[in-house]
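1. Next come a sequence and a model predicted from it.
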Amino acid sequence: MSQDLYQHPDYYLLDELLTDEHKLIRDTVRAWIKKEVSPNIEEWAQDCHFPKHLVPQMGELGVFGPTVPVEYGGGGLDYISYGLMMQEIERCDSGMRSTASVQGSLVMYPIYAYGSEEQRKKYLPKLASGEWLGCFGLTEPDAGSNPDGMLSNIKDADDHVILNGSKMWISNSPFADVAVVWAKDEEGIIRGMVVERGMEGFTTPEIHNKWSLRASCTGELVFDNVKVPKENIFPNVKGLKGPLGCLTKARFGIAWGALGVAMDCYDSALRYTKQREQFGKPIAGFQLQQKKLAEMITEITKGQLLVWRLGVLMNEGKATPQQVSMAKRNSCEIALNIARDARQMHGGMGITGEYPIMRHMMNMESVVTYEGTHDIHLLITGMDVTGINAFK
Ligand code: TGC
Ligand code: FAD
């Protein structure tokens, strides 16, 4: 990206709904992004380079586990603060937001919510600070949208269990120090556990040749008779609701984050079309360009209201997973549509790394798929309003 000139659109003065603390948090993350990430993100994405050196900085900034209590190294903040952080990060790059989502919502959250006091004390402070990087293993080669179809399994063996199986498409796995892994016990019940790098039989091969999320590292988790101490198993959750509960937190962050992508694409398209002249005037002066810009800002504004309200409901403990699904799906759809329109509005320049558009567009093809695909979230809403399950 040449220079980060981003100015966030706020057509309905939604800043007035934020507290001074919210705005300070948002502006702090924005300033860090502009200084440390924007100048290099294009090169990292082009080179498929995961900027691991930023992980401790992200820890210091407080983007890992912002809602986890301070005593465990978290931020003790509310959900709107968390959402704003994810929005600022993903506004720059979805892969960077992935790192924060996985660490905070998919690794720290389950250790905090389902773990023993010993597990919390052992892992959370190091994950919060970015000293350790974590990953989350749910998806398998033959169990994606239907995680209950997983084959990974544990067998009891005195003071430990023997873990076998494999996980696929795991963000951060090749660099992770610890992995939160979900596997079935001998009764077929899903259990969660922390698997540590260095345990014999545990490997994390990288997945290559992605056209999307290129600044984020994705891999597998392979378990070949791994001895996992029983003290690493989460004592406080059993069944699919364990991993799905983590996904609700991460999907909330994506709902805010993907909207950041939409805002960045709109901001870039607005600036470009006002500067770029064809037929003797700025192309923003043509009705077809204005139609696109007007529709973009309308969708962004509706999305901003939706995620803000969802944040309030989360803070009050009233948000349902189905409401989170609606917001995740809506933000991804808006972001993809706006990125595609913005790409056209930038003409040929839109395919280059001079502008963030094409990178955002390709990133969104992952974001619309992971954490539940577009159609899965539609079916979740469908089931919620009809009471009839159309998945199976
Ligand atoms: P179902 O029978 O509906 O539910 C099983 C139990 O779970 C409870 N539950 C939830 N709890 C919390 N949050 C949610 N979102 C929940 N959804 C369901 C439910 O109440 C039930 O509890 P209980 O007490 O009755 O046992 O389960 P199902 O097998 O019918 O599946 C439903 C379905 C298809 C919606 C679900 O499996 C699903 O969401 N599939 C999508 C899978 C997915 O999202 N995978 C994501 C993998 S992780 C990832 O992509 C990380 S990307 C990270 C990054 O880089 O940002
Ligand atoms: P499938 O489930 O095979 O779906 C294929 C198509 O079928 C989709 O369009 C889907 O909507 C449709 N479909 C499936 N079931 C139904 C149905 N009942 N009705 C109608 N249509 C249906 N997973 C992790 O556990 N941890 C991670 O960190 C992680 N990171 C990821 C990073 C990236 C870059 C990517 C691409 C994926 C990541 N995932 C991760 C996996 C991700 O969650 C899965 O890809 C996703 O859940 C979809 O599973 P699948 O790819 O197996 O697709």
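-> Nice, thanks for sending it over. Residues are numbered from 1 along each chain as shown. Ligands and ions are numbered 1, 2, ... in the order given.
2. Now for the residue in the stretch 1-150 of the chain positioned nearest to ligand 2: which residues touch it?
-> Closest to ligand 2 within the stretch 1-150 of the chain is residue 144: 1.8 Å, counting by Cβ to the nearest ligand atom. For every residue, glycine as well, the C-beta is placed using N, CA and C. Listed by Cβ atoms under 8 Å, 6 or more residues apart in numbering, the contact partners of residue 144 are residue 169.
3. Quick check: the gap between it and residue 370.
-> From residue 144 over to residue 370 the distance is 9 Å, taken as Cβ to Cβ, to the nearest Å.
4. Tell me the residues of the stretch 251-392 of the chain that contact ligand 2?
-> Within the stretch 251-392 of the chain, the positions adjacent to ligand 2 are 366, 369-371, 373, 375-376, 379, 391 by Cβ under 6 Å from any ligand atom.
5. what's stretch 355-362 in contact with?
-> If you take Cβ under 8 Å, 6+ apart as the criterion, stretch 355-362 is touched by 1, 41-42, 45, 92-94, 211-212, 214, 261, 264-265, 268-269, 272, 335-336, 339-340, 342-343, 346, 349-353.
6. From those, list the buried ones, please.
-> Taking 16 or more other Cβ atoms under 10 Å as the criterion, what is buried in the contacts of stretch 355-362 is 1, 41-42, 45, 92-94, 212, 214, 261, 264-265, 268-269, 272, 335-336, 339, 342-343, 346, 350.
7. quick one: residue 200 is in a strand?
-> No. Counting by DSSP: H, G, I helix; E, B strand; the rest coil, residue 200 is not found in a strand; it is coil.
8. which residues do residue 144 and residue 370 both contact?
-> With Cβ under 8 Å, 6+ apart as the test, residue 144 and residue 370 both reach residue 169.
9. quick check, residue 145 in a helix?
-> No. According to three-state DSSP, residue 145 belongs to no helix; its state is coil.
10. I'd say it and residue 378 touch.
-> No. Residue 145 is beyond contact range of residue 378, at 11.9 Å (criterion: Cβ atoms under 8 Å).
11. In this protein, where is pLDDT below threshold?
-> 1-2 (pLDDT under 70).
12. relative to its centroid, which residue of it is most remote?
-> residue 280 (43.0 Å; Cα atoms, centre = their mean).
13. All the strands of the stretch 101-250 of the chain, residue numbers only.
-> Under the criterion DSSP state E, counting those that start in this stretch, the stretch 101-250 of the chain carries strands at the ranges 134-137, 153-157, 160-171, 178-184, 190-196, 202-203, 218-229.
14. To ligand 1, which of the ones you listed lies closest?
-> Among the strands of the stretch 101-250 of the chain, strand 160-171 comes nearest to ligand 1, with 3.5 Å by Cβ to the nearest ligand atom.
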